[in-house]
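>>> Here is the input, now give the coordinates:
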Amino acid sequence: MQRTTTPILARPGEWLLLAALLASYPLSAVFAPGWGREGGILENAQVLVLGAGLVAATLAFGRTRPGRTALLALWAAPVWLLLAGRELSWGRVLLPQPGLEATHGLAANGIHWLQHFVRPGAVLLALALLLAAWRFRLDEVVRAGLARRTPWLCFAVALAAALGSTCAEGHMGCSLGLPAGRSVVFEELAELLAYVSLIMIQSAVLRQAPALRHPAAPVSAPAVAPIDTAAARGAD
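This is a model prediction of the structure:
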């Protein structure tokens with residue numbers, strides 16, 4: 001019996017995600033502006049969501065190995081780390097507040113020292129991930145996972161949230177015209193929902209992808225046995 005696919009229909013959780021995105025604009029006027037500050041409640045929630053994405057990718061790796069689906073899960077894990085590092089400003093949020101340098105001077109100096117290596121390391125890691133995706137053709141795993149059911153609504157929410165966050169920051173010549181405090185809250189809410197969308201997309205791909213193996217080696221032509229010309233003449 002052939003399995004039917006539903007490439008367009010959205011699941012209830014995806015509709016809830018869309019509703020949360022639509023509600024984020026009025027909610028930005030309800031939440032306190034402090035929620036959107038660096039190291040605030042919303043940013044900490046984003047780091048928790050990114051950590052959940054890392055854990056989900058790690059569990060999927062153990063569940064699907066060996067094969068290229070497991071490679072995709074292993075590839076996704078450092079992507080979540082990079083996103084979490086970005087939200088933590090590559091460690092700057094861990095610096096002590098003004099006035100506490102005397103009690104946390106050693107920790108602050110250590111973080112400042114690491115700042116010189118974190119950004120170049122992140123760039124090298126991103127380049128290595130791009131090379132690995134090309135080398136192992138992980139795009140084939142993604143296409144195979146999305147062939148059964150594509151979570152279009154998650155993609156739409158992720159794109160809309162990214163655009164909303166960009167406009168809230170005033171980039172690309174776009175502005176929402178919100179007060180400064182409310183704009184920051186809406187930006188962080190949009191980023192939070194974008195990360196939730198990415199987790200749902202990852203879950204759909206890794207759950208639905210078939211057990212693809214590593215790219216097969218080129219198949220050589222079968223060897224042809226030499227013809228005994230003497231025997232051929234005798235047969236004639």
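
>>> how far is stretch 27-37 from where the chain is centred?
26 Å (CA atoms, centre = their mean, to the nearest Å).

>>> what about it, start to end distance?
End-to-end distance of stretch 27-37 (CA to CA, to the nearest Å): 16 Å.

>>> Setting the sequence-adjacent residues aside, check what's closest to P151.
Spatial nearest neighbour of P151, excluding adjacent residues (CB to CB, 6 or more residues apart in numbering): A204 at 4.9 Å. Any C-beta I mention is one placed from the backbone N, CA and C, and that applies to glycine too.

>>> State the pLDDT value of P210.
At P210, the model reports a pLDDT of 75.

>>> typed the wrong thing, it's A84
Reading off the model, A84 has pLDDT 90.

>>> tell me the SS of it?
Classification of A84 using DSSP: H, G, I helix; E, B strand; the rest coil returns helix.

>>> Please give me every residue in contact with the nearest residue to it once chain neighbours are set aside.
Once flanking residues are discounted, A84 sits nearest to L50: 4.2 Å by CB to CB, 6+ apart. The contact partners of L50, taken as CB atoms under 8 Å, 6 or more residues apart in numbering, are 80, 83-84, 87, 195.

>>> Just the mean pLDDT for the strand or helix carrying L50, thanks.
L50 is part of helix 41-64, with elements assigned from DSSP states H and E. Per-residue pLDDT over helix 41-64 has a mean of 94.

>>> State the number of residues packed around the spatially closest residue to S165 that is not a sequence neighbour.
Once flanking residues are discounted, S165 sits nearest to A190: 4.1 Å by CB to CB, 6+ apart. As a burial measure, A190 scores 26 neighbours (other CB atoms under 10 Å).
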